[in-house]
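Participant: requesting a structural model of the entry that follows:
(one chain, ligands or ions: 1)
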Amino acid sequence: MFTGCHAPAWWCDAHHLVHWIDGGDTSLDNTALLCERHHTQVHHGFTIGWDAGEGRWRTFRPDQTEILTGTLTDTRGDPLPDLHTADPPLFPASPSG
Ligand SMILES: [Zn+2]
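Facilitator: Now for the predicted structure:
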């Protein structure tokens with residue numbers, strides 16, 4: 001739900017949009033899935049929120065500018081191929097033999 005993040009849901013933690021200490025409840029309406037890296041960023045100045053009017057999540061930097069993504073392009077403006085590859089496994093298989 002952090003703009004530009006492609007972490008699969010099963011990597012993510014549930015983040016309370018309104019923190020429980022501020023009266024936020026643990027409900028689907030008050031939670032967002034965030035990967036560990038972006039969960040940390042949201043606790044250090046970044047904010048996310050559901051825009052019901054546009055039907056999408058929006059992400060803002062600490063200076064309140066919005067993070068927007070589009071098609072990645074090279075210096076000529078031609079679209080780049082999708083370079084996303086899966087991260088290596090956390091626990092590589094132990095060497096055999
Ligand atoms: Zn993320």
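Participant: show me the contacts for Asn30.
Facilitator: By C-beta atoms under 8 Å, 6 or more residues apart in numbering, the contact set of Asn30 is His16, Leu17, Val18, Gly24. Placement of C-beta: from N, CA and C, glycine included.
Participant: what is the neighbour count of the second one?
Facilitator: Look at Leu17: counted by other C-beta atoms under 10 Å, it has 16 neighbours.
Participant: wait, isn't Ile48 in contact with His16?
Facilitator: No - here Ile48 does not reach His16: they are 11.5 Å apart, not a contact under C-beta atoms under 8 Å.
Participant: pick out whichever of these two has more residues nearby.
Facilitator: The residue with more neighbours, out of Ile48 and His16, is Ile48; 19 against 15, by other C-beta under 10 Å.
Participant: for that one, give the beta-bridge partners.
Facilitator: Per DSSP bridges, the residues bridged to Ile48 are Thr59.
Participant: the closest residue to Phe60 other than its chain neighbours: how many residues sit nearby?
Facilitator: Once flanking residues are discounted, Phe60 sits nearest to Thr47: 4.8 Å by C-beta to C-beta, 6 or more residues apart in numbering. Per other C-beta under 10 Å, the neighbour tally for Thr47 reads 14.
Participant: tell me how far Thr47 lies from the ion.
Facilitator: 14 Å (C-beta to the ion, to the nearest Å).
Participant: cool, and His39?
Facilitator: Distance, His39 to the ion, by C-beta to the ion: 8 Å.
Participant: so what does that residue look like in phi/psi?
Facilitator: Its backbone dihedrals place His39 at phi -60, psi -40, with angles given as degrees, to the nearest 10.
Participant: pull the number of nearby residues for Pro8.
Facilitator: Residues near Pro8, counting by other C-beta under 10 Å, number 9.
Participant: of the contacts of Asn30, which belong to strands?
Facilitator: The strands, defined by DSSP state E, take in His16 from the contacts of Asn30.
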